[in-house]
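sharing a sequence plus its predicted fold:
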Amino acid sequence: TDGAVTIDGPVTLATGAVSVTTANDAITFNHKIDGPQTLTLVSGTAATAIQGTIGGTNAISSLTITNGTANGTIEIANIEGVTGATAIGNTNTTTITLDGTAYSTDGTQTYTAAAGQNIDITGVATFTTSNDNISFATSGVDLANNGTTTINTGTAGGTVSFGAAIEGNSASAPFNDLLVITSGTGDVTFTGAIGATNALGGLTVNSSQGNAAITFTSTIGDTGNAGVVGTTAIGNTTTTDLNFNGATYSFDGTTTITAASGDTIDIGAAATFTTAADNITFATGNIELADGSNLTVDTGAAGGNITIGEIDGHSTETVTLDAGTGTTSVGVIGATTEIGVVTIGSDENGGITLNGAITTDGAVTIDGPVTLATGAVSVTTANDAITFNHKIDGDQTLTLASGTATTTLSGNIGATTALTGLTITNGTANGTITFGGNIGDGSGAGVTGTTAIGNTNTADLNFNGATYSFDGTTTITAASGDTIDIGA
């Protein structure tokens, strides 16, 4: 037509493909649409509004509302039955408004609008397919329903992709727009930032099942604002690959990032993960740092626990873990020279649990009381300083090797729980070793097994504590001369 089209009654698509095309005039369906045929609507620069449910009683075979390349607006209430592809909008579409509760198809769903935040989900909506892809293209998506938006593509592989930013409905509390995604074996890709201006109230991506890869190309939040204010759960123990390629991942709520065992949590750029005194856990999978991808995890001065299994690098990437008054638990960090400077803890003195070897081509600073928890623990540097600023306890062996650099242990060792062995020999290198506190106390040994401190080239050995108590063979060695200094 060369005029508006209004269909004001329930519609059945009966014979062959059905289309409604206007010369830039509005198209409106006020009631439901059913029937096993294709439906194509073209309103050009005018509005298309579907007020009733599509395919609720008898699924249609496909749905196309693209308007060619024109910029008309599109509103769709509910889609409950499309057996083929659904294509809504184009790269010039001014606005797509999805104000219903159900968008269910047995085929792909593609929603495309002009660049900007022009796809508005205003209904508390669930998007489902039968293992088919769902894509929000070109435009960003605004979650503006004060509820949970759910996307589920099945268990056997339907991808979910967002071509631009995702924002909530408000820049201030309450933050109650949540996003939950389940994609089975279908990859999930976030191309734009999440919650950089208006935070989401929660983010869940394949937290309960599905082995698909999950990729964040941009940020979550920004340096001044959390992108999610609420619980974040990304991945599960079968997730094959998690990719974080942005610079900032900021959360205000408990955050759990999980992938399958192995190097499956990939940091593709220098990245900072922050919470507002909330726990953050990197579970099961190891963190792998790409070239130049320095890692910072910071839960704030007021505490929020950090838990990390293992961190691997490539080219002396730095690692900074600061849980404030919260606890930090970390396993193996690095091998050979793949990790650079490592700093764990801060002035707030939260407890630190070490569960494996730390190997670096950079200085290592541990700034909090330390517990040696799981197996033998070692810290080895390529002639870079090792510093422990507080006490060390735990019924494990501890080996420190700083080569020609200094090793400084400022706190007591084994005063609460004795170590089972202590080795600080530095091979044949001449690095200085300093004990600022005691080993053990007046009532018990600080090391119950073998202790070996220094070697024949050690330039200086300093014992500045009051008590050094051992229950095992103890060897203290330094270079010839006045090189073993008793300072207390």
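Yes, it's here.

so where's the stretch 201-350 of the chain shaky on pLDDT?
Regions of the stretch 201-350 of the chain meeting the criterion pLDDT under 70 are absent.

give me the buried positions along stretch 87-104.
In terms of neighbour count (16 or more other Cβ atoms under 10 Å), stretch 87-104 has its buried residues at 87-90, 92-100, 102-104. From N, CA and C alone the C-beta is placed, and that goes for glycine too.

could you export stretch 96-108 as PDB, CA atoms only?
Extracted C-alpha coordinates of stretch 96-108, given in PDB (Å, rounded to 0.1, in the frame of the first residue of the first chain):
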ATOM      1  CA  ILE A  96      13.600  -2.200  18.200                       C
ATOM      2  CA  THR A  97      11.300  -2.500  21.300                       C
ATOM      3  CA  LEU A  98      10.800  -6.000  22.700                       C
ATOM      4  CA  ASP A  99       8.100  -5.500  25.300                       C
ATOM      5  CA  GLY A 100       6.800  -9.000  25.700                       C
ATOM      6  CA  THR A 101       7.700 -11.900  27.900                       C
ATOM      7  CA  ALA A 102       8.400 -14.700  25.400                       C
ATOM      8  CA  TYR A 103      10.500 -14.900  22.200                       C
ATOM      9  CA  SER A 104      10.600 -18.600  21.300                       C
ATOM     10  CA  THR A 105      11.500 -20.000  18.000                       C
ATOM     11  CA  ASP A 106      12.700 -23.200  16.400                       C
ATOM     12  CA  GLY A 107      15.200 -21.300  14.200                       C
ATOM     13  CA  THR A 108      17.700 -18.500  14.400                       C
END
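
any stretches of the stretch 351-488 of the chain with poor pLDDT?
Counting by pLDDT under 70, the stretch 351-488 of the chain shows low-confidence ranges at 488.

cutoff 50 now
Nowhere does the stretch 351-488 of the chain drop to pLDDT under 50.

sorry, back to before: of the buried residues of stretch 87-104, which belong to strands?
Among the buried residues of stretch 87-104, DSSP state E puts 87-88, 96-98, 102-104 in strands.

want to throw those residues into JSON lines with distance to residue 131 and pLDDT?
Formatted as JSON lines, those follow (distance: Cβ to Cβ, whole Å; pLDDT from 0 to 100):
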{"residue": "87", "distance to residue 131": "18", "pLDDT": "98"}
{"residue": "88", "distance to residue 131": "20", "pLDDT": "98"}
{"residue": "96", "distance to residue 131": "24", "pLDDT": "98"}
{"residue": "97", "distance to residue 131": "27", "pLDDT": "98"}
{"residue": "98", "distance to residue 131": "21", "pLDDT": "98"}
{"residue": "102", "distance to residue 131": "18", "pLDDT": "98"}
{"residue": "103", "distance to residue 131": "16", "pLDDT": "98"}
{"residue": "104", "distance to residue 131": "13", "pLDDT": "98"}
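
in a markdown table: the residues you listed, plus distance to residue 117.
Listed next are these as a markdown table, based on distance: Cβ to Cβ, whole Å:
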| residue | distance to residue 117 |
| --- | --- |
| 87 | 21 |
| 88 | 16 |
| 96 | 11 |
| 97 | 12 |
| 98 | 13 |
| 102 | 23 |
| 103 | 19 |
| 104 | 25 |
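
from residue 212, how far off is residue 133?
Going from residue 133 to residue 212 by Cβ to Cβ, to the nearest Å gives 12 Å.

what does residue 140 give?
Separation of residue 140 from residue 212 (Cβ to Cβ): 22 Å.

now residue 95
30 Å.

residues in contact with the residue positioned nearest the centre of the chain?
Nearest to the geometric centre of the chain sits residue 257, at 5.1 Å (Cα atoms, centre = their mean). Contacts for residue 257 (Cβ atoms under 8 Å, 6 or more residues apart in numbering) come out as 232, 234-235, 242, 265, 280-283.

what does residue 195 give?
Residue 195 neighbours (Cβ under 8 Å, 6+ apart): 166-168, 220-221, 225-228.

in a markdown table: these, plus distance to residue 39.
Converted to a markdown table, the contacts of residue 195 look like this (distance: Cβ to Cβ, whole Å):
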| residue | distance to residue 39 |
| --- | --- |
| 166 | 29 |
| 167 | 31 |
| 168 | 32 |
| 220 | 38 |
| 221 | 40 |
| 225 | 42 |
| 226 | 42 |
| 227 | 37 |
| 228 | 37 |
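
which among these gets closest to residue 426?
Nearest to residue 426 among the contacts of residue 195 is residue 220, at 42.6 Å by Cβ to Cβ.

now that closest one: closest residue in space that isn't a chain neighbour?
The shortest distance from residue 220 to any non-neighbouring residue, by Cβ to Cβ, 6 or more residues apart in numbering, is to residue 227 (3.7 Å).

what number of residues lie near that neighbour?
Number of residues near residue 227 (other Cβ atoms under 10 Å) recorded here: 27.

and if you look at residue 223?
10.

need the three-state assignment for it.
coil (DSSP: H, G, I helix; E, B strand; the rest coil).

which residues touch whatever helix or strand residue 380 lives in?
Element membership for residue 380 (DSSP states H and E) is strand 377-381. Outside of strand 377-381, the residues within contact range by Cβ under 8 Å, 6+ apart are 354-364, 366, 386, 394, 396-403, 405.

at 7 Å what do you get?
Residues from elsewhere that reach strand 377-381 (Cβ atoms under 7 Å, 6 or more residues apart in numbering): 354, 356-360, 362-364, 386, 396, 398-403, 405.

now do stretch 285-297
242, 258-273, 280, 306, 308-315, 317-321.

what comes up buried for it?
When burial is assessed from 16+ other Cβ under 10 Å, stretch 285-297 yields the following buried residues: 285-290, 293-297.

how long is it from one end to the other?
One end of stretch 285-297 sits 16 Å from the other (Cα to Cα, to the nearest Å).

likewise for stretch 300-315?
Start-to-end span of stretch 300-315 (Cα to Cα) is 28 Å.
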